[in-house]
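**Q** What shape does this take:
(2 chains)
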Amino acid sequence: MSRKLILAAATAAVVSVGGALVASADPVDEELVIDGEIPMVIRTKAPEGHPFDEVLSGWLFRTPETRSLEEDTFTNPGMLYVERGEEIWNTVEGEAGKSCASCHGDAAETMAGVAAAYPKWDADAERPINVELQIDKCRENNMKAEPYKFDAPEQRALTTFLKHQSLGKPVQVDLSQGDMQSWWDQGKEVYYTRTGQLNLSCASCHEENNGKYIRADHLSQGNVNGFPTYRLKQGNMVLLHSRFRGCIRDTRAEFPAPFSDELMALEVYTTWRGTGLSVETPAVRQ
Amino acid sequence: MATPKPRVKVPKSASAGEVITIKTLISHNMESGQRKDKDGNVIPRQIINKFSCEFNGKPVFGCDIAPAISANPYFEFSAKVMESGSFTFTWVDDNGETYSHEQAIEVK
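**A** Numbers count the residues shown, from 1 in each chain, chains lettered A, B, ... in the order given. Sure, this is the predicted structure:
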């Protein structure tokens, strides 16, 4: 009986000390090594001009069970999509009678580290291009095939496969190409603009409150180095632009079209915020 | 997902009497039979309903699987190995297909 009372008093004390309705919990201090072989950079010094001193991977904010799923490629459900992506890589499609492999050969060699530098400047389209759009561009121009419909299972699998070829490589966007700098500026504006009925910006959660809980969800810094990401909630691979839309929807705002100027700018900016973190694709998240 | 594809992780070698950990996973939708399509018709159930593992013909592990098991079922179990041989893994699909996989182990 008395023990119960003491417990109740202790709980009350915690609530009153906390004051606000958020509980605080720091990210864990652990190392991520995939299959005991590939060490991942999951915390690193932030690039110049970044609001933080240190950037942290979302892996550090997840539960032990979720973290362990990513540590072993056998248990990582995202690896099934990597395998599916490899099949697509080798499948002939379109009028030109080519597969990705017809031109690019073995992805493990030709694509190693490539996706870590995306989004990059596309001089033809005069806007930044991400891996999904690069695949579409190749399909249209070289394979004479239809571009993928947004979020098609094949688009998710092939994007995951390509990003996975950069596993462990540091994220590095080159802002000196073309007009990348102005897209970065535009992306920064999107990041800090409050939207929706809840009047939240990306920064409201991921900059000002990361490490705290928003209801049952442990807020991360919102770095995008693990995308496409396997989310347990969907039981599926989630593309970055789907995730953007999910976040924006949660602020109860109208969401922009995938690959629109707004979201491409946001991709340039958020990717830059995670500069130096390892590509974790397929990362496993809640 | 395309054709179900089994994946198995067994150590290549072990010492006699050692207890080893076996991990298995098969890519499969595990359609529960509870869902409906856009027109309101029930999507027929199609799941993996049985899984078994044998070592040199003797049963090691087996189970029946129900619709509540999630997609891409994953099983992890342990086995004590006394001699070299091979593990046979078998998954039975509702559509009558069986998928199997064999993996050898050397016992020193």
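**Q** hang on, isn't A:Trp121 packed against A:Gln181?
**A** No - here A:Trp121 does not reach A:Gln181: they are 10.1 Å apart, not a contact under CB atoms under 8 Å. (Glycine included, C-beta is placed from N, CA and C.)
**Q** And A:Ser176, what's its pLDDT?
**A** Model confidence at A:Ser176, given as pLDDT, is 96.
**Q** Low-confidence ranges, chain A, go.
**A** For chain A, the stretches flagged by pLDDT under 70 are A:1-24.
**Q** Tell me where it has strands.
**A** Counting by DSSP state E, chain A has strands at residues A:33-34, A:38-39, A:43-45, A:54-56, A:120-122, A:127-129, A:213-214, A:217-218, A:229-231, A:236-238, A:283-285.
**Q** Tell me how far A:Arg285 lies from chain B.
**A** For A:Arg285, the distance to chain B equals 17 Å [CB to the nearest CB, to the nearest Å].
**Q** got the residues of the stretch 151-286 of chain A near chain B?
**A** Within the stretch 151-286 of chain A, the positions adjacent to chain B are A:Gly235 by CB under 8 Å from any CB of the partner chain.
**Q** With adjacent residues omitted, what lies nearest to whatever residue of the stretch 151-286 of chain A ends up closest to chain B?
**A** Distances between the stretch 151-286 of chain A and chain B by CB to the nearest CB are smallest at A:Gly235, namely 6.1 Å. Closest residue in space to A:Gly235, ignoring its immediate chain neighbours: B:Ala71 at 6.1 Å, by CB to CB, 6 or more residues apart in numbering or on different chains.
**Q** How many residues are close by that neighbour?
**A** 17 (other CB atoms under 10 Å in any protein chain shown).
**Q** show me the contacts for A:Val224.
**A** A:Leu240, A:Arg243, A:Glu267, A:Thr270, A:Thr271, A:Gly274 (CB atoms under 8 Å, 6 or more residues apart in numbering or on different chains).
**Q** Distance check, B:Met30 against chain A.
**A** Per CB to the nearest CB, B:Met30 is found 10 Å from chain A.
**Q** Pretty sure that residue sits against B:Ile48.
**A** Yes - proximity of B:Met30 to B:Ile48 meets the contact threshold set by CB under 8 Å, at 6.8 Å.
**Q** distance between stretch B:98-108 and the chain's centre?
**A** In terms of CA atoms, centre = their mean, to the nearest Å, the gap separating the centre of stretch B:98-108 from the centre of its chain is 12 Å.
**Q** who has more neighbours, A:Trp121 and A:Gln181?
**A** Applying other CB under 10 Å to A:Trp121 and A:Gln181 shows that A:Trp121 carries more neighbours, namely 19 against 12.
**Q** show me the contacts for B:Ala79.
**A** Each residue near B:Ala79 by CB under 8 Å, 6+ apart is listed here: B:Val19, B:Ile20, B:Ile22, B:Cys53, B:Phe55, B:Val60, B:Phe61, B:Phe87.
**Q** so the last one sits in a strand?
**A** Yes - the assignment for B:Phe87 is a strand, going by DSSP: H, G, I helix; E, B strand; the rest coil.
**Q** Need the pLDDT of it.
**A** On the pLDDT scale, B:Phe87 is placed at 96.
**Q** count of residues packed around it?
**A** Using other CB under 10 Å, B:Phe87 has 22 neighbouring residues.
**Q** same check, this time on the third one
**A** As a burial measure, B:Ile22 scores 21 neighbours (other CB under 10 Å).
**Q** Could you verify my assumption that it touches B:Val81?
**A** No - if you go by CB under 8 Å, B:Ile22 and B:Val81 don't touch, sitting 10.1 Å apart.
**Q** Can you tell me the centre-most residue of chain A?
**A** A:Val224 (2.8 Å; CA atoms, centre = their mean).
**Q** A:Leu158 contacts A:Glu86, correct?
**A** No - counting by CB under 8 Å, A:Leu158 does not reach A:Glu86; the two are 9.0 Å apart.
**Q** of those two, who's got more company?
**A** The neighbour comparison of A:Leu158 against A:Glu86 (other CB under 10 Å) goes to A:Leu158, with 27 against 19.
**Q** Overlap of the contact sets of B:Met30 and B:Ile48?
**A** B:Ile69, B:Pro73.
**Q** contacting residues around A:Val284?
**A** Taking CB under 8 Å, 6+ apart as the test, what A:Val284 contacts is A:Arg62, A:Thr66, A:Leu69, A:Glu70, A:Asn76, A:Pro77, A:Gly78, A:Thr229, A:Tyr230, A:Leu232.
**Q** Which residue is the nearest non-sequential neighbour of B:Phe75?
**A** B:Thr24 (5.0 Å).
**Q** With that, I have no additional questions.
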